[in-house]
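Chemist: no sequence for this one, just the structure:
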């Protein structure tokens, strides 16, 4: 359907998961004017282009959470609506990925990336209403507001919360309920297919003549195909770390590495300092010493007591609920043919590797889903910024990723085909593009 997309990406078109700090716990309008950059970097930044409205969403059982709408500043709509669904961990509505830090030299504050806020502003400046909400039990800057709610969180809770947030979005007077898109990052890519499948089943079983909630598009960013705990977490904790030790640290191919050499991999650096800091030999045998430690860390992570109180980090009830899930690969093929699907993945994503996206792409092709697109981005990581292939580095989303997302959505919500600027067109000519059938 899209003749051209402006990215440094590899594109296949046919028709957080942020588990951060596991070791430390033993992450258009019909106009044809297209702008590749956020208005925040252009002249006249004082002009209001987006309005904000704070909401409170009732999640049931006495649990409420804060939310915010971003709305185009001009017009009453109805506009296409977008709902964001978070990745794993203590995640606020902005999906803030780190804490505010102080520069030791200047004393100035260093603010962390906020991917969902960045995307929301970008899309609302261009004609979309976007709803973001804090995960249950979580407040601003990823702070845990209710330890009991957080400690008892399960996957079904997150799925039901997303469904309730969707209802809130469709009830807003500025929103066109027939043009709804769900965007999920990391764990959100596991939640979204189940939300739309349940919604479709409920609509089919609803004999009333009232308005039914419908989802037109879903976007999966940093996708998960396999089981989050059995497969993806295992890769993050053990497989990826061992590969880094062998390929990066073991420079002499002896099967070991010196504990004195710099280790850029944050989790491995922490593990070496914790378990091998007092090594008498000064070396770590990768297979005989490091691997058993990593396996024990993974075992501790996955075998927590679900009855024990948990108020920080990743809690056993949530882990158990994910272990019981069918992998996304077994679910994605049941998404209705009427829902268009975009998958986006960094090729340097060390948390939800690009192979996860390839598996979903293959499954959707197998079931002949009529409109699904995969875009992969060389050199970008889990947060869609330049990143190491071994670990996630923090930074704002690249502008061409935002532009690709907007153009894909614009075609489906406004029927307008994007026109690339000359410099972006030159980059796009290097992409692999297979049109939808």
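Modeler: Noted; the coordinates are in hand. Here the structure is a predicted model, which is why all the values come from computation and not from measurement.
Chemist: now for the residue lying closest to residue 167 once chain neighbours are set aside, how many residues are close by?
Modeler: Nearest residue to residue 167 in three dimensions, chain neighbours excluded: residue 213, at 6.5 Å (CB to CB, 6 or more residues apart in numbering). (Each C-beta comes from the backbone N, C-alpha and C, glycine too.) Residue 213 has 15 neighbouring residues, counting by other CB atoms under 10 Å.
Chemist: from residue 384, how far off is residue 213?
Modeler: 29 Å (CB to CB, to the nearest Å).
Chemist: check residue 306 too.
Modeler: Distance of residue 306 to residue 384, given as CB to CB: 34 Å.
Chemist: same thing with residue 359?
Modeler: 20 Å.
Chemist: residue 221 now?
Modeler: Distance, residue 221 to residue 384, using CB to CB: 7 Å.
Chemist: so where do the helices sit in the stretch 201-350 of the chain?
Modeler: Assigned helices in the stretch 201-350 of the chain, in chain order: 234, 240-244, 266-275, 291-302, 316-323 (criterion: DSSP state H, counting those that start in this stretch).
Chemist: sorry, back to before: what is in contact with residue 221 and residue 384 at once?
Modeler: Each of residue 344 lies in contact with both residue 221 and residue 384 under the rule CB atoms under 8 Å, 6 or more residues apart in numbering.
Chemist: ok so, going back, pretty sure the residue nearest to residue 167 contacts residue 182?
Modeler: No: taking contacts as CB atoms under 8 Å, residue 213 lies outside contact range of residue 182: 11.2 Å.
Chemist: what residues do the two have in common as contacts?
Modeler: In terms of CB under 8 Å, 6+ apart, residue 213 and residue 182 are both contacted by the residues residue 166.
Chemist: residue 135 and residue 158 touch, don't they?
Modeler: Yes: the pair residue 135 / residue 158 is scored as a contact, 7.4 Å apart, by CB under 8 Å.
Chemist: any common contacting residues for the two?
Modeler: residue 86.
Chemist: tell me who's in contact with the most centrally placed residue in the chain.
Modeler: In the chain, the centroid-proximal residue (CA atoms, centre = their mean) is residue 185; its distance is 1.6 Å. The contact partners of residue 185, taken as CB under 8 Å, 6+ apart, are 16, 18, 84, 85, 86, 87, 95, 115, 116, 221, 222.
Chemist: what's the distance between it and residue 352?
Modeler: Distance from residue 185 to residue 352, by CB to CB: 9 Å.
Chemist: report the contact partners of residue 136.
Modeler: Going by CB under 8 Å, 6+ apart, residue 136 touches 59, 63, 65, 146, 149, 150, 153, 157, 158, 161.
Chemist: pretty sure it sits in a strand.
Modeler: No: going by DSSP: H, G, I helix; E, B strand; the rest coil, the assignment for residue 136 is coil, not a strand.
Chemist: which strand residues bridge residue 345?
Modeler: According to DSSP bridges, the partner residues bridging residue 345 are residue 376.
Chemist: hmm, residue 193 is touching residue 332, no?
Modeler: Yes: Residue 193 lies in contact with residue 332 (CB under 8 Å); the separation is 5.3 Å.
Chemist: so between these two, which is more surrounded?
Modeler: Taking other CB under 10 Å, residue 193 and residue 332 do not tie; residue 332 has more neighbours (28 against 22).
Chemist: what residues are up against that one?
Modeler: Contacts of residue 332 (CB under 8 Å, 6+ apart): 193, 225, 360, 363, 364.
Chemist: let's go with 10 Å and repeat that
Modeler: Contact analysis of residue 332 by CB atoms under 10 Å, 6 or more residues apart in numbering lists 189-190, 192-194, 197, 218, 220, 223, 225, 341, 343, 359-361, 363-364, 367, 369, 372.
Chemist: any idea how the protein splits into domains?
Modeler: Annotated domains of the chain cover 10-226+318-428, 233-310 [automatic domain parsing].
Chemist: mean pLDDT for those - can I get that in JSON lines?
Modeler: Below are the domains of the chain laid out as JSON lines (pLDDT from 0 to 100):
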{"stretch": "domain 10-226+318-428", "mean pLDDT": "85"}
{"stretch": "domain 233-310", "mean pLDDT": "93"}
